[in-house]
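[1] only the shape, not the letters, is given here:
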């Protein structure tokens, strides 16, 4: 279950983009906290700002105004190098399009973020990769490339890749969108199991009712604003 420790905090966050001569207000004064171990969802209609908020938590984007704190660090004052480091060591990503490297095997895809970290010895890398491939039920598919795997298996590889660095937070952007409903359910149950067993914090951006039903908490966004909170 979630602890009382705050792992993500947004305070009066705004994000605006110039679009030609117009300023688009994607996020308007959003404030919330996520606690360690939460399985939470950002939900809302298309264009509501959920992906923008997720990108700011993931240090892919920074706020125009307000403060975003991730794993105890304020992202506002960080330069590109600092944001990259925070992203690499504290955050894991799962995408709806899987984002696997086609020429690499499942094993190599999962190992990739550990190579980027540069400080993990080879034997430790091997132990972790094998451990997470086993956890997602793909120990026998380590030598397969993404093109030889089903959509559900590719998403399992993506989950193993997101978790292999032992991140404080895993961000999942519509992770079930490209899967059939049964496979999506299996992927969700797998993530829920990993959340409960290892205490990893999961934050989803989603339209999927199945994700919303399983979340500890749902943060509803409409027109870039927090509209309503629902707990489970």
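    Perfect, thanks for sending it. Note that the structure is predicted; figures quoted are calculated from it, not measured.
[2] quick check, central residue of the chain?
    For the chain, residue 171 is the residue whose C-alpha lies nearest the centre (CA atoms, centre = their mean; 1.0 Å).
[3] strands along this protein, start to end?
    Secondary structure of the chain (DSSP state E): strands at 6-19, 22-35, 39-43, 65-70, 73-74, 91-95, 169-173, 201-206, 217-222, 225-231.
[4] let me have these in TSV, extended by distance to residue 128 and mean pLDDT.
    Placement of C-beta: from N, CA and C, glycine included. Shown next, in TSV, are those (distance: least, CB to CB, whole Å; pLDDT from 0 to 100):
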stretch	distance to residue 128	mean pLDDT
strand 6-19	22	95
strand 22-35	25	94
strand 39-43	23	95
strand 65-70	22	96
strand 73-74	24	94
strand 91-95	13	93
strand 169-173	15	95
strand 201-206	19	94
strand 217-222	30	94
strand 225-231	34	70
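[5] the residue nearest to the centre of the chain bridge partners, please.
    residue 93, residue 203 (DSSP bridges).
[6] I'd say it and residue 56 touch.
    No. Residue 171 lies out of contact with residue 56 (CB atoms under 8 Å); the separation is 10.4 Å.
[7] wait, doesn't residue 105 sit right on residue 147?
    No. Residue 105 lies out of contact with residue 147 (CB under 8 Å); the separation is 10.9 Å.
[8] okay, the two: which has more neighbours?
    Higher neighbour count among residue 105 and residue 147: residue 105, with 18 against 9, using other CB atoms under 10 Å.
[9] check contacts around the closest residue in space to residue 107 that isn't next to it in sequence.
    Nearest residue to residue 107, sequence neighbours excluded (CB to CB, 6 or more residues apart in numbering): residue 142, at 4.1 Å. Counting by CB atoms under 8 Å, 6 or more residues apart in numbering, residue 142 touches 105-107, 129-130, 133.
[10] swap the cut-off to 7 Å and go again
    When contacts are counted by CB atoms under 7 Å, 6 or more residues apart in numbering, residue 142 touches 105-107, 133.
[11] same check, this time on residue 75
    By CB under 7 Å, 6+ apart, the contact set of residue 75 is 59, 62, 68, 83, 86.
[12] from those residues, which would you call buried?
    Buried members of those, counted by 16 or more other CB atoms under 10 Å: 59, 68, 83, 86.
[13] how about the residue lying closest to the last one once chain neighbours are set aside, what does it touch?
    This points to residue 86. Of all residues not flanking residue 86 in the chain, residue 59 sits nearest, at 5.1 Å (CB to CB, 6+ apart). By CB under 7 Å, 6+ apart, the residues touching residue 59 are 70, 75, 83, 86-87, 91.
[14] roughly how far does residue 59 sit from residue 15?
    Noted for residue 59: a distance of 14 Å to residue 15, by CB to CB, to the nearest Å.
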